[in-house]
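Asker: What shape does this take:
(2 chains)
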Amino acid sequence: MKKEIENEFTSLLELHQNILHKICKLYTTDIDSHKDLFQEMAIQIWKAYPTFRGDAKFTSWAYRIGLNTAITIYRGSKRKVGTVNWDISIENMRYEEYNSEEECQLQLIYAAVRQLNDIEKALIYMYLEDRDYGEISETLGISEVNVRVKMNRIKTKIKTIIAKKGTYHE
Amino acid sequence: MNELDLLKTHWQKEEDFIKFKQEDIITMIHKSSRV
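Answerer: You can find the predicted model right below:
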């Protein structure tokens, strides 16, 4: 029976793994830490799987656990995350080729997003996933008003980070 | 287009992430958690 559940879970996660890769893309700057974070999220989602009710969408349920895992890990190693500076972020992204000006701009934006704190990254993730303010508020345990305020601050912060580099043109 | 709009447009496109196979995921979930 346990093997059947394990197969069911791993098959679901294999199918929907991109939701976790996207979280990794915001929280990590190299392939090894990407794999480590993916593995940790998979472990936590598996541990919580007995509480998963089939009436909820697997992806909507799993991404919340994944996100909370990322927040927990990166909150616990703030100092380490804080040492990941802009230049390192850019350096580690060079495996992604810049094919166009837009792509170059995108890499700069991703690098700026990686400078945000753990909660801000979680907020950006849910914004990019088109989650509404109510769901973001519930997932992060902050009020909807606070979500809106934080979103505005994040937009300004990203602009400021990019402007400091002086290479981004709107 | 502002930064987040550009990011969102890109975000919704399919990306070439690493593809873990089911066997890889089975191995992962049996490892020890660091949390």
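Asker: So for chain A, the centremost residue is which one?
Answerer: Residue closest to the average C-alpha location in chain A (Cα atoms, centre = their mean): residue A:23, at 2.9 Å.
Asker: Equivalent analysis for chain B, please.
Answerer: With distances taken as Cα atoms, centre = their mean, the residue of chain B nearest its centroid is residue B:17 (6.4 Å).
Asker: Verify the stated contact: that one with residue A:18.
Answerer: Yes - contact status for residue B:17 versus residue A:18: in contact at 6.0 Å, counting by Cβ atoms under 8 Å. For every residue, glycine as well, the C-beta is placed using N, CA and C.
Asker: what's the pLDDT at the residue nearest to the centre of chain A?
Answerer: With respect to pLDDT, residue A:23 has a value of 96.
Asker: got the contact list for it?
Answerer: Residues in contact with residue A:23 (Cβ atoms under 8 Å, 6 or more residues apart in numbering or on different chains) are A:37, A:41, A:63, A:66, A:67, A:70, A:125.
Asker: tell me which element it falls in.
Answerer: In the assignment (DSSP states H and E), residue A:23 maps to helix A:18-27.
Asker: do residue A:68 as well
Answerer: Counting by DSSP H and E, residue A:68 is found in helix A:58-76.
Asker: Chain B next: which of the contacts of residue A:23 are close?
Answerer: When Cβ under 8 Å from any Cβ of the partner chain is taken as the criterion, no member of the contacts of residue A:23 contacts chain B.
Asker: From residue A:129, how far out is the residue nearest to the centre of chain B?
Answerer: Distance, residue B:17 to residue A:129, by Cβ to Cβ, to the nearest Å: 15 Å.
Asker: what do you get for residue A:155?
Answerer: From residue A:155 over to residue A:129 (counting by Cβ to Cβ), the distance is 17 Å.
Asker: what about residue A:113, how many neighbours?
Answerer: Neighbour count of residue A:113, defined by other Cβ atoms under 10 Å in any protein chain shown: 24.
Asker: What of residue A:112?
Answerer: Residue A:112: 24 neighbours (other Cβ under 10 Å).
Asker: Kindly tell me how buried the nearest residue to it once chain neighbours are set aside is, as a neighbour count.
Answerer: Spatially, and ignoring its direct neighbours in sequence, residue A:112 is nearest to residue A:161 (4.1 Å; Cβ to Cβ, 6 or more residues apart in numbering or on different chains). As a burial measure, residue A:161 scores 20 neighbours (other Cβ under 10 Å).
Asker: contacts for the helix or strand residue A:161 falls within?
Answerer: Element membership of residue A:161, judged by DSSP H and E, is helix A:144-165. Residues from elsewhere that reach helix A:144-165 (Cβ under 8 Å, 6+ apart): A:86, A:108-109, A:112-113, A:115-116, A:119-120, A:123-124, A:127, A:133-134, A:136-137, A:140, A:142, A:168, B:2-4.
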